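A.B. asks: okay, here's the prediction I keep looking at, along with the sequence it came from:
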Amino acid sequence: MPELPEVEVCARYLLPLLRGKAIRAIEVRREKVLKPTPPARFKKNLLGAKFLNLERRGKYFLFELRRKNSREKFYLLGHLGMTGKMFLAPKQAPLPKHAAVILDLGANRFIYEDARCFGRLTLDVSAVERLGPEPWDKKFTPEIFHQQLKKSRQPAKVRLLDQSLIAGVGNIYASEALFRAGISPRLVAGKITRPGTTRLLAAIRGVMTEAIDCGSTIPLNFSGGRKSGGLFYFGRAAEALDYYGERLCVYGRAGQPCVKCGATIRRIVQAARSTFFCPCCQNA
DNA sequence: CACCATGTTCCTTG
DNA sequence: CCAAGGAACATGGT
């Protein structure tokens, strides 16, 4: 479930477990996820390196490492794509079916698993350079947001998915933020009013913050994992949906009554992706 | 079998 | 050159 909040929650979980740990061995089962870094270079660079820090930028992880006998830091970029998971597990635990990369850290293994392999674990960090500001960036004011939106004739929902406009908004939270702001997903981005833009930015920040807070309260563990054996927070387990699904006002709720006005939530397709909204609350 | 899925990149079109 | 649209990527769940 990787949009900005899920990546943030995962980063907070991973950091204390990774910090100070050295990579003793590396197994790459799906070379595709390293792209464009060649597997040989990936291994050569990472083997023996130690994790110093982990930051999140948009939906990306930036792992900071340093090689043995070197003062020079370097970065590893991670992205979960649609189905990626990154977690630590005891060395004796069975590996998940779709383990793509396994890093031996001693007692534990860092496991990146990804059924669809849309994610990445790579030395090519260039993707973050193309990202727009973080939602909470003080310099990203409603005025600047409005200026950017004005240039576009795309529907508001589609515009929000552009990571170069604002980093981290994905298909779920785009619908949720527009609902909270009372803006129709079909409204042309350039026609969003100045007050609407202020509401939208506040709504994006609000839904993201609440999702992070919610995710942080979920007990992360491996033992409860069933088939995947991973963190149930990232899986399809009923518990995850209890925590996660019930917080969403419109996403995945087509045909159900709006929590605010009772009108029927609709599903439409925009840019080949589902959008959910309340036709009554989001008329602007 | 049909359809759906949390994302990004690349190619084409206008 | 730029904005926008759509396909591709690979697999699993319902």
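C.D. replies: Perfect, I can see it now. Numbering: from 1, shown residues only, chains lettered A, B, ... in the order given.

A.B. asks: name the nearest residue to the residue of the stretch 151-284 of chain A found nearest DNA strand B, sequence neighbours excluded.
C.D. replies: Residue nearest to DNA strand B within the stretch 151-284 of chain A: A:Gly170 (2.0 Å; Cβ to the nearest atom of the strand). The C-beta positions use only the backbone N, C-alpha and C, and glycine is treated the same way. Closest residue to A:Gly170 apart from its sequence neighbours, by Cβ to Cβ, 6 or more residues apart in numbering: A:Glu3 at 3.5 Å.

A.B. asks: state the phi and psi torsions of the one you found.
C.D. replies: Recorded main-chain torsions at A:Glu3 are phi -110, psi -170, according to degrees, to the nearest 10.

A.B. asks: can you get me a residue count around A:Ala246?
C.D. replies: Rather than Ala, residue A:246 is Glu. Using other Cβ atoms under 10 Å, the number of residues around A:Glu246 comes to 8.

A.B. asks: tell me the secondary structure of it, please.
C.D. replies: Of the three states, A:Glu246 takes helix under DSSP: H, G, I helix; E, B strand; the rest coil.

A.B. asks: quick one: it from A:Pro2, how far?
C.D. replies: 19 Å (Cβ to Cβ, to the nearest Å).

A.B. asks: and if you look at A:Glu176?
C.D. replies: 15 Å.

A.B. asks: what residues does the stretch 101-250 of chain A put near DNA strand B?
C.D. replies: A:Arg116, A:Phe118, A:Ala127, A:Arg130, A:Leu161, A:Gln163, A:Gly170, A:Asn171, A:Ile172, A:Arg236 (Cβ under 7 Å from any atom of the strand).

A.B. asks: again, only using 6 Å
C.D. replies: Counting by Cβ under 6 Å from any atom of the strand, the residues of the stretch 101-250 of chain A close to DNA strand B are A:Phe118, A:Ala127, A:Gln163, A:Gly170, A:Asn171, A:Ile172.

A.B. asks: return the members of the residues you listed classed as buried.
C.D. replies: Listed as buried from those are A:Ala127, A:Gln163, A:Gly170, A:Asn171, A:Ile172; burial here means 16 or more other Cβ atoms under 10 Å.

A.B. asks: A strand includes A:Tyr112, no?
C.D. replies: Yes - using three-state DSSP, the assignment for A:Tyr112 is a strand.

A.B. asks: what residues are up against it?
C.D. replies: Counting by Cβ atoms under 8 Å, 6 or more residues apart in numbering, A:Tyr112 touches A:Val33, A:Gly78, A:Gly84, A:Lys85, A:Met86, A:Ala99, A:Ala100, A:Val101, A:Ile102, A:Gly119, A:Leu121.

A.B. asks: now the residue nearest to A:Gly170: how far from A:Val207?
C.D. replies: Separation of A:Glu3 from A:Val207 (Cβ to Cβ): 10 Å.

A.B. asks: and these two? which has more neighbours close in?
C.D. replies: When neighbours are counted by other Cβ under 10 Å, A:Glu3 and A:Val207 differ, and A:Val207 comes out ahead with 28 against 21.

A.B. asks: quick check: closest non-adjacent residue to that one.
C.D. replies: A:Glu176 (4.6 Å).

A.B. asks: circling back to that earlier point, joint contacts of A:Glu3 and A:Val207?
C.D. replies: Residues touching both A:Glu3 and A:Val207 (Cβ under 8 Å, 6+ apart) are A:Tyr173.
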